[in-house]
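Asks: Sequence and predicted structure are below.
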Amino acid sequence: KSGFVSIVGRPNVGKSTLLNRLVGQKIAIMSDKAQTTRNKIQGIHTTDKEQIVFIDTPGIHKPKHRLGDFMVETALSTFNEVDVVLFLVNVAEKRGAGDNYIIEKLKYVESPVFLVLNKIDQVHPDELLPIIDDYNKQMEFAEIVPISAMEGNNVSHLVDTIRTYL
Ligand code: GDP
Ligand code: MG
């Protein structure tokens, strides 16, 4: 099987960390500083079961100027052309304006959107259910997958789930 997957989320939620783990080589820049990744960078995850092209999008944020507006539109335009969109959030932080802005855009995306709850290594398991409830009230997600991109927890399950959509 083969397909395309977009990764979206506000800055610092772990998009580059996940992408680097999935493709097994460092191709995107990782940093605590917001928006280090300025361009779409594609990585290919290849196993004997599948080949998946991942697209790392710049942190989508409410544009303050026209270049920002262009960047957001560029990222959004890819979403209808991929097999799956991964919406990454940081479970260690409350849903914020940046997440809400992306959710408003994702509501109009035709491709299946997964809610990927990242950084589960930073919260107690009991905290996950209320967070899932909260996001579920905002929009309907095709799948909800908790992971730790940094430690690798449940990342193989995420790939297994993506595979069923290819
Ligand atoms: P991006 O801006 O969305 O691409 O985020 P990055 O991948 O650059 O990650 C931002 C910061 O979060 C870095 O310091 C990462 O090491 C850290 N990070 C990413 N994933 C995880 C995770 O699963 N757990 C923890 N604790 N930190 C993470
Ligand atoms: Mg990044």
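Replies: Structure's in. What do you need? Ligands and ions are numbered 1, 2, ... in the order given.
Asks: Give me the buried positions along the strand or helix carrying Ser156.
Replies: Mapping Ser156 onto the secondary structure by DSSP states H and E places it in helix 155-163. Across helix 155-163, burial judged by 16 or more other Cβ atoms under 10 Å covers 155, 158-159, 161-163. Glycine gets a C-beta too; all of them are placed from N, C-alpha and C.
Asks: Return the closest of these with respect to ligand 2.
Replies: Distance ranking of the buried residues of helix 155-163 against ligand 2, using Cβ to the ion, places Val155 first at 16.5 Å.
Asks: hang on, the earlier thing: looking at the buried residues of helix 155-163, which is nearest ligand 1?
Replies: Looking at these and their distance to ligand 1, the nearest is Val155, at 9.3 Å (Cβ to the nearest ligand atom).
Asks: still on that earlier bit, switch the buried residues of helix 155-163 over to JSON lines; also include distance to Phe4.
Replies: Rendered in JSON lines, the data for the buried residues of helix 155-163 read as follows (distance: Cβ to Cβ, whole Å):
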{"residue": "Val155", "distance to Phe4": "18"}
{"residue": "Leu158", "distance to Phe4": "15"}
{"residue": "Val159", "distance to Phe4": "14"}
{"residue": "Thr161", "distance to Phe4": "15"}
{"residue": "Ile162", "distance to Phe4": "10"}
{"residue": "Arg163", "distance to Phe4": "13"}
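Asks: could you pick out which of those residues are near ligand 1?
Replies: Among the buried residues of helix 155-163, none lies close to ligand 1 by the criterion of Cβ under 6 Å from any ligand atom.
Asks: which residues does Gly3 bridge with?
Replies: Listed beta-bridge partners, Gly3: Ile52 (assigned using DSSP bridges).
Asks: so who does it touch?
Replies: For Gly3, the contacting residues are 50, 52-53, 82-84, 162, 165-166, taking Cβ atoms under 8 Å, 6 or more residues apart in numbering as the criterion.
Asks: now Val5, nearest residue through space, not along the chain?
Replies: The shortest distance from Val5 to any non-neighbouring residue, by Cβ to Cβ, 6 or more residues apart in numbering, is to Val84 (4.8 Å).
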